[in-house]
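>>> pasting the sequence and the predicted coordinates here, then a few questions.
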Amino acid sequence: MSKAINGSSELFFGKKANGKREGYGSAFYPTGSNYNGEWLSDNRHGLGIYYQRDGEIYSGDFKDNTLEGKGCCKYTDGSKYQGEWKNGTKEGHGKYYYANGDTYDGEWKEGLQEGKGEYIWTDGSKFQGKWSMGEMMNGVFTYTSGDRYEGSYLGGLKHGKGVYYFQCGIKVEAEWEEGEVVYEN
């Protein structure tokens with residue numbers, strides 16, 4: 001059965017009740033995207049898979065046509081996010097697999113890292129700690145050499161009080177500004 005939308009036609013195959021899509025069905029949109037899954041009152045609602053024309057695929061929970069609940073999105077660049085969604089954005093706990101092999105596992109808010117999380121780079125270095133608006137704020141950065149830094153960050157650089165532990169056992173307590181030591185204890 002087809003339904004006219006904005007002068008174009010959308011194809012829908014599935015159940016209807018009172019003229020509205022209900023239960024399981026498939027919709028094929030004029031944009032080249034399609035959706036297979038559950039419907040409620042003519043909205044994507046429940047479990048489903050949404051295929052975008054550009055190759056992006058989301059599978060998971062929908063609420064009133066929006067990504068809401070748990071789901072997995074595979075992006076066209078090869079990256080993937082698996083976790084919680086709210087109002088169509090990453091929100092709650094989730095893991096992001098970057099196309100270059102890096103990973104972030106932790107809390108999200110409005111699509112950005114927010115709260116506790118762990119970022120692991122492909123070279124094996126990692127940061128565990130607090131994030132705000134997608135940036136490292138305070139935590140432990142472990143280098144591949146075995147050295148580690150515990151302290152504050154600003155704009156991705158050491159900033160504020162921190163302690164640098166060298167693998168050989170030397171410990172340096174310092175005040176940092178934009179990645180550089182400005183005062184050492």
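Now that the structure is in, tell me what you want to look at.
>>> return the set of buried residues in whatever helix or strand A27 lives in.
Assigned by DSSP states H and E, A27 belongs to strand 20-28. For strand 20-28, the neighbour count (16 or more other Cβ atoms under 10 Å) marks 21-22, 25-28 as buried. Backbone N, C-alpha and C define where each C-beta goes, glycine included.
>>> state the number of residues packed around the closest residue to D102 other than its chain neighbours.
Of all residues not flanking D102 in the chain, W121 sits nearest, at 5.3 Å (Cβ to Cβ, 6 or more residues apart in numbering). W121 has 15 neighbouring residues, counting by other Cβ atoms under 10 Å.
>>> now do Y58
Y58: 21 surrounding residues under other Cβ under 10 Å.
>>> quickly run through the sheet partners of the strand or helix carrying it, with directions.
Y58 belongs to strand 57-63 when assigned by DSSP H and E. Strand 57-63 sits in its sheet next to strand 43-51 (antiparallel), strand 66-74 (antiparallel), going by DSSP bridges.
>>> low-confidence stretches in the protein?
Applying pLDDT under 70 to the chain flags residues 1-8.
>>> against N87, how distant is V163?
Plainly put, V163 is 40 Å away from N87 if you go by Cβ to Cβ, to the nearest Å.
>>> next, G101: phi, psi?
Backbone torsions for G101, taken as degrees, to the nearest 10, come to phi 100, psi -10.
>>> tell me the secondary structure for G124?
Of the three states, G124 takes coil according to DSSP: H, G, I helix; E, B strand; the rest coil.
>>> what's the closest non-adjacent residue to it?
T144 (4.7 Å).
>>> let me see the contact set for that neighbour.
By Cβ atoms under 8 Å, 6 or more residues apart in numbering, the contact list for T144 reads 123-125.
>>> I'd guessed S33 sits against I49; true?
No: using Cβ atoms under 8 Å, S33 makes no contact with I49, being 11.1 Å away.
>>> picking up where we left off before, so which of the buried residues of strand 20-28 is the closest to L67?
A27 (15.9 Å; Cβ to Cβ).
>>> bridged to the closest one, which residues?
Beta-bridge pairing for A27 (DSSP bridges): F12, Y35.
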